[in-house]
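Novice: model the following, please.
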Amino acid sequence: MSNDDLVILIEEEDSPTREHRPSWSVLVIDDDSEVHAATSFALRRVEILGRPLQLCHMHSAQQARAQLLDMEPPAVVLLDVVMETEDAGLRLVDFLRSDCGWSETRIILRTGQPGQAPELAVFDRYDINDYRTKAELTQTRLITAISGAIRSFDQIHTIAENRRGLELIIRSAPDLLNQRAVTTFAEGVLTQFAALLRVPLDGIVCAQRGSPLDPEDLRLFVVGAAGRLANTALQPLDQLEDREIGLFIRQAIEQRTHQFESHRSVLFLNAAGRDAAVFIAAGHNLLKLDRQLIEVFAANISACFSNLQRFEEINFVAFHDGLTGIGNRAQLLRDLDSLRCQGQGQVEQAVALIDIRQFAELNDGLGQELGNQILMTVARRIHARLGQHCALARVGADVFAIAGPAEWVNPQQLLDLFAEPFAIAEHRLHLRISLGLAQITSESESAINLLKQVSIALNRAKRSLNRDHVYFEKEMEHDTRRRLSIIHALHEDFRRDRLEVWFQPQIRADDQAAVAMEALLRWTGEQGFVQPPNVFVPLAEHSGLIIELGYFVLQRSLEALSRLNDRPGAPVRVSVNVSLAQFRQIDFLQRVQRIIAESGHPPQAIELEITESIAMDEPKVVSNTLRALRAFGVRVAVDDFGTGYSSLTQLRQLPLDAMKIDRSFVLDLAEPDGRWLVESIIALSKRLGLESVAEGVESAEQAAQLRDLGCDLLQGYHFARPMPLSGLLDWLDQRAA
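Specialist: Numbers count the residues shown, from 1 in each chain. Presented below is the predicted three-dimensional model:
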């Protein structure tokens, strides 16, 4: 057998099997049909670098021009120089290099006329590999020429692919670095990797996502998917239907290295301490691609992934509560905006604020560490029950927000969350809550406005003595605006010294002497009272202005005593109310002592009235402060006795001088039960060694009854209404006359 009869197999040692490699495309352009037949016969079973040849035939330069623009570039072109014209082949070379852009394709010129060889300059200009006469191209020489051209094409193509891949990586980096959402980033990675490998977009990106409520939860989740795996997005990796893919990815992560197989590959990534992996169904093309190129791509992706991780951490801090891991106020506003836009749908949406009652007391009593555990446990329970259906956030120290479908965000569902006790360390705590709720509709003005509305509802619920939840109603907003307007005006008038202190005498029951008086704050204007005390005093307490108002009343009361010094029958003592907010001030005792000392009056001229709520607020601290006041010489009275929830045991332990009987009890004196109750309070005061003062005495009959029951001091309209200092002076003059 001659050499020309041999079937030549030219392979690399590590070439993959034929079934996984495409063929080399060889284009034969010649106007001689016998040449086509001979070429096909000579190359019929030839493999080069482990891949077979696939021949494409064209029979004229004209046919080639008509079809070449629509073809994929072949590896080699066997081109007849002389066809329709003597230079038809050379003109076609210029066409396929310039017009078709086939820069990588190798060209072998053939001619049946030896004298038609092109000039050397043409070889250089058009990058022609070889020139042969048809007579000298035996099978062996033809295969040798084709083999050399294909090897050359393979090298040029690999270099070009590497360059293209690097350019792709460089171009994709800014886009990937600018991604701020992990799903968008993952889709970009898949797109770029598939483009780099020139394979269909068919793969997934996995990353350790974890749960914000459980830092130890570092499960792998599919954060991006495409192709046949597109429906796996956001699934845990261990729940993939195709378990082989999951195992292949886990193998890469456990070995912390890339994995490549003939039909699939995984890039292992690690950024900011979190593992990730890119899986793609890549076949034969991957084995042609330089592994260094893949390493460059992987390193680039890791850098981008690190950038994304850092951004997500910053984003998490910006939009999540650091203690509980659920959303914060900023995140809630985002969620409310989203729900507001969905308000036109069929599902009714609502937002609720949950306030834990007496949380401050729990925090103080159990300690801040256990207080934090309470908040985290509450967040976990809310997340477990409602996290899949609703947006959750912590928007205050002990205030949680829930927004979502009204079937979940309603009083019954939310109160049920707190029906069972919470296990905190060795404690089992039953937490009581107040709820404010508001409907979310497409007509809601903004997320800020929704939050304001539900806050108004919550404040109503917190102030209510018998309601644990309140739904926002439009009138509440008008009322809130009115309240804010009053608070603003109150601040302004206080700053301009437009508030006055009026006085109501306290009459000794047995001899009708005006021995004392109560100082009462009044907000007067040109048309009379701007607002009554029952309106502006609670607002002053709410705004915090009550603290300075309290000291203002004390100063004006002492000034009034100075004006009364030379008046016969004038009161020698003034009672001043103290608010809970004022009493809680760290410098309360010092300021009271300083104001009295600067007035020049003896401390015994002042009686401070505290409510039962103050008396029961941290009894030990309250008791110590009251003892210090009494040691200084100031008298202490408990106001409106019987209307609060004080313990008689605790009350007995407080250093008090007087007990004031609330006007509501005096009003019921005519009733047997009412008389018995007042009689009991007076008897109790005597038993405790306290002076008794009855408020709201409006008739001579009431005054007589109270005197007969042993009440010490009487105060009310029957004797005198509250009046400014000038009115009090006139009243005293009239009594003296």
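
Novice: and the helices in the stretch 151-300 of the chain?
Specialist: Here the stretch 151-300 of the chain has its helices, by DSSP state H, counting those that start in this stretch, at 182-197, 243-255, 284-288, 291-319.

Novice: tell me the helices and strands packed up against the longest one.
Specialist: What it means is helix 291-319. helix 139-177, helix 182-197, strand 264-271, strand 274-280, helix 329-341 (3 or more CB pairs under 8 Å, 6 or more residues apart in numbering; DSSP states H and E). Every residue, glycine included, has its C-beta placed from N, CA and C.

Novice: rerun at 7 Å
Specialist: helix 139-177, helix 182-197, strand 264-271, helix 329-341 (3 or more CB pairs under 7 Å, 6 or more residues apart in numbering; DSSP states H and E).

Novice: give me the buried positions along it.
Specialist: 293-294, 296-298, 300-302, 304-309, 311-312, 319 (16 or more other CB atoms under 10 Å).

Novice: check the offset of that helix from the chain's centre.
Specialist: Distance, stretch centre to chain centre, for helix 291-319: 22 Å (CA atoms, centre = their mean, to the nearest Å).

Novice: do the same with stretch 563-577
Specialist: Relative to its parent chain, stretch 563-577 has a centroid offset of 60 Å by CA atoms, centre = their mean.

Novice: same check, this time on stretch 55-74
Specialist: 61 Å.

Novice: that one - what's its average pLDDT?
Specialist: For stretch 55-74, the mean pLDDT works out to 90.

Novice: same deal with stretch 301-316?
Specialist: Stretch 301-316 comes out at a mean pLDDT of 77.

Novice: just the CA trace of it, in PDB.
Specialist: What follows is stretch 301-316 as a C-alpha-only set of coordinates in PDB (Å, rounded to 0.1, in the frame of the first residue of the first chain):
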ATOM      1  CA  ILE A 301     -15.800  37.700  39.900                       C
ATOM      2  CA  SER A 302     -14.500  37.100  43.500                       C
ATOM      3  CA  ALA A 303     -13.500  40.800  43.700                       C
ATOM      4  CA  CYS A 304     -16.900  41.900  42.400                       C
ATOM      5  CA  PHE A 305     -18.600  39.500  44.800                       C
ATOM      6  CA  SER A 306     -16.600  40.900  47.700                       C
ATOM      7  CA  ASN A 307     -17.700  44.400  46.700                       C
ATOM      8  CA  LEU A 308     -21.300  43.200  46.600                       C
ATOM      9  CA  GLN A 309     -20.900  41.500  50.000                       C
ATOM     10  CA  ARG A 310     -19.600  44.700  51.500                       C
ATOM     11  CA  PHE A 311     -22.400  46.700  50.000                       C
ATOM     12  CA  GLU A 312     -25.000  44.200  51.300                       C
ATOM     13  CA  GLU A 313     -23.400  44.500  54.800                       C
ATOM     14  CA  ILE A 314     -23.700  48.300  54.600                       C
ATOM     15  CA  ASN A 315     -27.200  48.000  53.200                       C
ATOM     16  CA  PHE A 316     -28.100  45.600  55.900                       C
END
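
Novice: correct me if wrong, but residue 638 is in a strand.
Specialist: Yes - checked against DSSP: H, G, I helix; E, B strand; the rest coil, residue 638 lies within a strand.

Novice: how about the contacts made by residue 722?
Specialist: Residue 722 makes contact with 502-504, 520, according to CB atoms under 7 Å, 6 or more residues apart in numbering.

Novice: now rank the residues you listed by neighbours and give me the top one.
Specialist: Highest neighbour count within the contacts of residue 722: residue 503, with 25 neighbours (other CB atoms under 10 Å).

Novice: can you classify that residue by secondary structure?
Specialist: Secondary structure of residue 503, per three-state DSSP, is strand.

Novice: ok, and the closest non-adjacent residue to it?
Specialist: Closest residue to residue 503 apart from its sequence neighbours, by CB to CB, 6 or more residues apart in numbering: residue 517 at 4.5 Å.

Novice: which of the helices or strands spans that neighbour?
Specialist: In the assignment (DSSP states H and E), residue 517 maps to strand 514-525.

Novice: ok, now residue 718?
Specialist: Here residue 718 is assigned to no helix or strand, by DSSP H and E.

Novice: list the contacts of it.
Specialist: 697-700, 702-703.

Novice: before we move on, back to that, want to throw the helices of the stretch 151-300 of the chain into a markdown table with distance to residue 629?
Specialist: Below are those laid out as a markdown table (distance: least, CB to CB, whole Å):
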| stretch | distance to residue 629 |
| --- | --- |
| helix 182-197 | 62 |
| helix 243-255 | 70 |
| helix 284-288 | 86 |
| helix 291-319 | 47 |
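
Novice: for residue 479, which of the ones you listed is the nearest?
Specialist: helix 291-319 (32.4 Å; CB to CB).

Novice: got the domain boundaries for the protein?
Specialist: The chain breaks down by automatic domain parsing into domains covering 3-160, 178-319, 329-472, 494-736.

Novice: the residue nearest to residue 661 when sequence neighbours are not counted: neighbour count?
Specialist: With sequence-adjacent residues excluded and distances taken as CB to CB, 6+ apart, residue 661 is closest to residue 694, at 4.6 Å. Residues near residue 694, counting by other CB under 10 Å, number 30.

Novice: cool, thanks, signing off.
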